[in-house]
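Chemist: model this:
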Amino acid sequence: MSSLQRWLLVPCLAPLAAVLLASAFNSSGNTRLQLLIWRSPPLPVGAWTALAGLTGAGLSAVSVLLLKPNTPPLRRQRHQPLERPRPEPELREVVTPPPQRDVREPAPTVAVPYRIVQKPHSEKRATPSEPSPPSQAVDPTPSSSDGWGLDPDLDW
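Modeler: Residues are numbered from 1 along each chain as shown. From the prediction side, this is the model:
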């Protein structure tokens, strides 16, 4: 046991020592415990608290001993090659730094072509008292004035 473990044992056992000390001073009056139909023999309250403290400490010690691993922890083994490593020629990469821009210059932008698709405006519904205006046929072919021309990817 290392010296650090010995020093850590003192604060861990201090509560048990305090319970046993309080139990030693409280030895007056006999008390019986009853659990369902079983009754304990009459003992002083100090004896019951000492018994409870020692039982808790014993159960804690048993759980620590059961959880302690029996096998030593795994360790890495260092393997060294038998051959001497050959010196490899150093490869120097030519790294070109990215172009620097001025702080006042705006961030770079990417131009993305886009098209605004609008639904045809529907006219107001006619009330039953008014006759409905004749509907106009909409030309499904796009006009060449929007500058897009025929798109080969339209039928995707």
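Chemist: Skip the chain neighbours and tell me the closest residue to Trp48.
Modeler: Spatial nearest neighbour of Trp48, chain neighbours left out: Thr31 (6.5 Å); criterion: CB to CB, 6 or more residues apart in numbering. Backbone N, C-alpha and C define where each C-beta goes, glycine included.
Chemist: That neighbour reaches Thr49, doesn't it?
Modeler: No: taking contacts as CB atoms under 8 Å, Thr31 lies outside contact range of Thr49: 10.5 Å.
Chemist: the more surrounded of these two?
Modeler: Thr49 (16 against 12; other CB atoms under 10 Å).
Chemist: ok, now which ones touch that one?
Modeler: Shown in contact with Thr49 (CB atoms under 8 Å, 6 or more residues apart in numbering): 19, 22-23, 26.
Chemist: The same query, at a cut-off of 6 Å, please.
Modeler: Counting by CB atoms under 6 Å, 6 or more residues apart in numbering, Thr49 touches Ser23.
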